[in-house]
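>>> Based on what follows, work out the 3D shape:
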Amino acid sequence: MNKPAKRDNLPYLRTYLNKHRVNAKLSGDDLSLMLGVSKSYYFTLEHGTRGHRLSVGLLNELSEVLNVDVHLLLDQELNYITERKKYKDYKRKKEK
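From the prediction side, this is the model:
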């Protein structure tokens, strides 16, 4: 019997996070050091393979480091969550 694929691990890029990082002229290395996380962990967040719902604390830290309004980041993260759910639903329907 085949195991079903892990659907929660569907990657969905956080393009807003990448744009803010690039606008701040920071590399992934730089930003991960400023946040106190590993470079690989940060990129899994940006690439959407982990942390499908960022914590308020991490959003606040990102806001401070990237010099972006925390409310803007929160709105963008909520949009990311909504769009990722739509994408997951679409992929599930397509698999059937």
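>>> C-alpha only now, for contacts and for neighbours.
Will do.
>>> What confidence value was assigned to Lys96?
Per-residue pLDDT puts Lys96 at 73.
>>> Relative to Lys85, how far out is it?
17 Å (CA to CA, to the nearest Å).
>>> quick one, which of the two is more surrounded?
Lys85 (15 against 5; other CA atoms under 10 Å).
>>> what sits against the more buried one?
The contact partners of Lys85, by CA atoms under 8 Å, 6 or more residues apart in numbering, come to none.
>>> wait, Ser63 sits on Leu73?
Yes - under the criterion of CA atoms under 8 Å, Ser63 makes contact with Leu73 at 7.0 Å.
>>> how deep is the residue nearest to Leu33 when sequence neighbours are not counted tucked in, by neighbour count?
Distance criterion CA to CA, 6 or more residues apart in numbering; nearest residue to Leu33, sequence neighbours excluded, is Lys39 at 7.6 Å. Neighbours of Lys39 under the rule other CA under 10 Å: 16.
>>> how much space between Lys39 and Gln76?
Going from Lys39 to Gln76 by CA to CA gives 22 Å.
>>> Leu33 too?
With CA to CA as the criterion, Leu33 and Gln76 are 23 Å apart.
>>> which SSE is Tyr12 in?
Element membership for Tyr12 (DSSP states H and E) is empty, with no helix or strand holding it.
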